[in-house]
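*Asks:* Give me the fold of what follows.
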Amino acid sequence: MARRRLRRAGKWAAWVVAVLVVLPVTVAGTALRAQYAGAAAPQTTTRGRDAFWLGHAWVDGRRDDADVAALRRRLEGTGIRDLYVHAGPLEHDGTLPPARTAYPRAHWLIAAVHRELPSVRVHAWLGDRLVYGPGERGGLRLADASARAAIVASARQVLADGFAGVHLDIEPLHSDNPDYLRLLDRLGPAVHRRGGVLSVAVHQIDPLPGLHRVSGALTGHRKWLSQRFFGQVARRVDQIALMSYDTGLPAESLYGGYVAQQTRLALEATGRHTDLLMGLPFFHTDDMGHHASAETVRAAVRGIRLGLTRQDPGRARFGMALYVDFTATEEDWAAYRSGWGRPGRT
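*Replies:* Prediction:
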């Protein structure tokens, strides 16, 4: 009898696991694959508002005129208008070293791009790791008003040094962070007074309402932002780039469906006065958070186009952001050009 009861208990436990774990995963997988099905509208092609992240080598002396000429050839016929060039990590107090230390070749790069690619803008990509807990060290603390003021001063510095805009990427950004909004409230006017463009890179949106709270409670890492917070951020900037990669999904169809969903959620939250840019994974690391065989440019472009088709196919202020130059392959570029290029252009 006891053995029979144990067998029954084991069967019951297996059913519980199936219901609580396997079934939701199966349903979620089916839903994501459904998001990846169908055809994109023919008008979902580049609007000429795409962006490209470039590494620090472009401003520290490792690149030269031949590299700029190669970049010009690479960008010809694409919709890339903005270059987010890594201008040096912020110090943990929000300050930025002087140009001769942080980005000694920035003036050369800006002049060379203006000469070779006159319609392309060069932005200063600034970032740092965020810390939150009272004992956490080795990062930027946005709750510190002096740190926020220092970031604004750093933005003024790069604009004075000739950059067309400030691209802020500070992570991990917790959803509903009031100090981040306070920073943007000061940063936006400071950048605009100098004729600059303010852009930010942010995490993905909750695939299910409130999921950022669940992930925070279970793992201590709030992977997603609420859709409401995403919209609050978008209203404060000129461009918002959603980093639609590092999802951990194991198959192209799942990843592409997820990106389609993220595109729809982001479009719902982003007003028409802000450029929404969806990130493309031009990198190929393989770990728990990123499977290169699944997170392909091909799947991302198709997913973005499907999400745009379903939500707002005629939206003008929309584009893709390519991350990052020093890991991009010919296959990545071919998938971007063929999937998102204008009709008749390659």
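*Asks:* Break down the stretch 151-300 of the chain into its strands, ranges please.
*Replies:* Assigned by DSSP state E, counting those that start in this stretch, the stretch 151-300 of the chain shows strands spanning 165-171, 197-202, 239-242, 275-281.
*Asks:* so which of those strands is the most packed in?
*Replies:* strand 275-281 (a mean of 27; mean count of other Cβ atoms under 10 Å). To be clear about C-beta, it is placed using only N, CA and C from the backbone, and glycine gets the same treatment.
*Asks:* And the biggest strand by length in the chain, how far out from the chain middle?
*Replies:* Ranked by number of residues, the top strand in the chain under DSSP state E is strand 121-129. For strand 121-129, the distance from its own C-alpha centre to the chain's C-alpha centre is 13 Å (Cα atoms, centre = their mean, to the nearest Å).
*Asks:* Could you list the buried residues of that strand?
*Replies:* R121, V122, H123, A124, W125, L126, G127, D128 (16 or more other Cβ atoms under 10 Å).
*Asks:* want to try CSV for these, with distance to G257 as columns?
*Replies:* Output for these, formatted as CSV (distance: Cβ to Cβ, whole Å):
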residue, distance to G257
R121, 33
V122, 35
H123, 31
A124, 35
W125, 30
L126, 33
G127, 29
D128, 33
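*Asks:* Please point out which parts of stretch 312-332 sit buried.
*Replies:* D312, R317, F318, G319, M320, A321, L322, Y323, V324, D325, A328, D332.
*Asks:* tell me the mean pLDDT over stretch 232-250?
*Replies:* Mean pLDDT, computed over stretch 232-250, is 98.
*Asks:* give me the number of residues near the nearest residue to R121 once chain neighbours are set aside?
*Replies:* Spatial nearest neighbour of R121, chain neighbours left out: A164 (4.0 Å); criterion: Cβ to Cβ, 6 or more residues apart in numbering. Neighbour count for A164, taken as other Cβ atoms under 10 Å: 19.
*Asks:* cool, and P178?
*Replies:* 11.
*Asks:* same deal with L117?
*Replies:* Neighbours around L117, by other Cβ under 10 Å: 18.
*Asks:* if I pick it, what's in contact with it?
*Replies:* L71, R72, L75 (Cβ atoms under 8 Å, 6 or more residues apart in numbering).
*Asks:* now do L142
*Replies:* L142 sits in contact with L130, R148, I170, N177, D179, Y180, R182, L183, where contact means Cβ under 8 Å, 6+ apart.
*Asks:* how close does it get to D93?
*Replies:* 12 Å (Cβ to Cβ, to the nearest Å).
*Asks:* Now the phi/psi pair for the residue most central in space within the chain, please.
*Replies:* For the chain, the residue nearest the mean C-alpha position is M243 (2.3 Å; Cα atoms, centre = their mean). The phi/psi pair for M243 (degrees, to the nearest 10) reads phi -80, psi 80.
*Asks:* How about L71?
*Replies:* Residue torsions, per degrees, to the nearest 10, at L71 are phi -60, psi -40.
*Asks:* Verify the stated contact: it with E116.
*Replies:* Yes: here L71 reaches E116: they are 7.4 Å apart, a contact under Cβ atoms under 8 Å.
*Asks:* what about those two, which has more around it?
*Replies:* When L71 and E116 are compared for neighbours, L71 comes out ahead with 23 against 16, by other Cβ under 10 Å.
*Asks:* So for that one, what's the pLDDT?
*Replies:* For L71, the pLDDT comes out at 98.
*Asks:* In contact with it, which residues?
*Replies:* Here L71 is in contact with V113, E116, L117 (Cβ under 8 Å, 6+ apart).
*Asks:* Kindly indicate which of these lies nearest G196.
*Replies:* V113 (15.9 Å; Cβ to Cβ).
*Asks:* in terms of contact, does that closest one touch H107 like I think?
*Replies:* No: with contacts counted by Cβ under 8 Å, V113 stays clear of H107, the gap being 11.1 Å.
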